[in-house]
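Student: with the input below, show me the fold.
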Amino acid sequence: MRISRGTAVFLLLFGVWSWIIWITFAKNLWASSQSWSADGSPTAYFIVHAVLTVVSFVLGTIIGLLGWRALRSTRSKERPSADS
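Tutor: Just a heads-up that it's a prediction; the model follows:
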């Protein structure tokens with residue numbers, strides 16, 4: 001499968017953007033009064049959103065890595081080899 005350079009850059013930027021957005025969300029989730037019950041235990045709201053955050057980190061990482069690998073692949077094809 002071939003991924004164009006533009007698509008590779010998009011995937012890489014999406015992975016970076018995903019990490020920036022979800023780190024901010026995780027900080028806000030941790031600080032939210034809805035996340036913790038009166039006894040200090042996590043609420044269902046916290047658990048559901050923490051799972052969502054972890055899944056988004058994993059998918060963002062996978063998508064970003066695909067973009068990075070595709071971008072590196074397109075760069076190596078553009079460079080002339082030492083044998084030519």
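
Student: helices or strands up against the one helix or strand residue 48 maps to?
Tutor: Using DSSP states H and E, residue 48 sits within helix 44-78. On a contact count with 3 or more C-beta pairs under 8 Å, 6 or more residues apart in numbering; DSSP states H and E, helix 44-78 meets helix 5-31. Backbone N, C-alpha and C define where each C-beta goes, glycine included.

Student: now do the helix holding residue 48, average pLDDT.
Tutor: Across helix 44-78, the average pLDDT comes to 92.

Student: report the buried residues of it.
Tutor: Going by neighbour count (16 or more other C-beta atoms under 10 Å), the buried part of helix 44-78 is 46, 49, 53, 56, 60, 63-64, 66-68, 70-71, 74.

Student: what's the angle between that helix and helix 5-31?
Tutor: For helix 44-78 against helix 5-31, the angle between stretch directions is 160 degrees (axes from the mean of the first three to the mean of the last three C-alpha atoms, to 10 degrees).

Student: list the contacts for the most centrally placed residue in the chain?
Tutor: In the chain, the centroid-proximal residue (C-alpha atoms, centre = their mean) is residue 60; its distance is 2.2 Å. Counting by C-beta atoms under 8 Å, 6 or more residues apart in numbering, residue 60 makes contact with 14-15, 17-19, 22.

Student: any idea how far it lies from residue 52?
Tutor: Separation of residue 60 from residue 52 (C-beta to C-beta, to the nearest Å): 12 Å.

Student: ok, and the closest non-adjacent residue to residue 61?
Tutor: Ranked by C-beta to C-beta, 6 or more residues apart in numbering and with sequence neighbours excluded, the top spatial neighbour of residue 61 is residue 15, at 6.4 Å.
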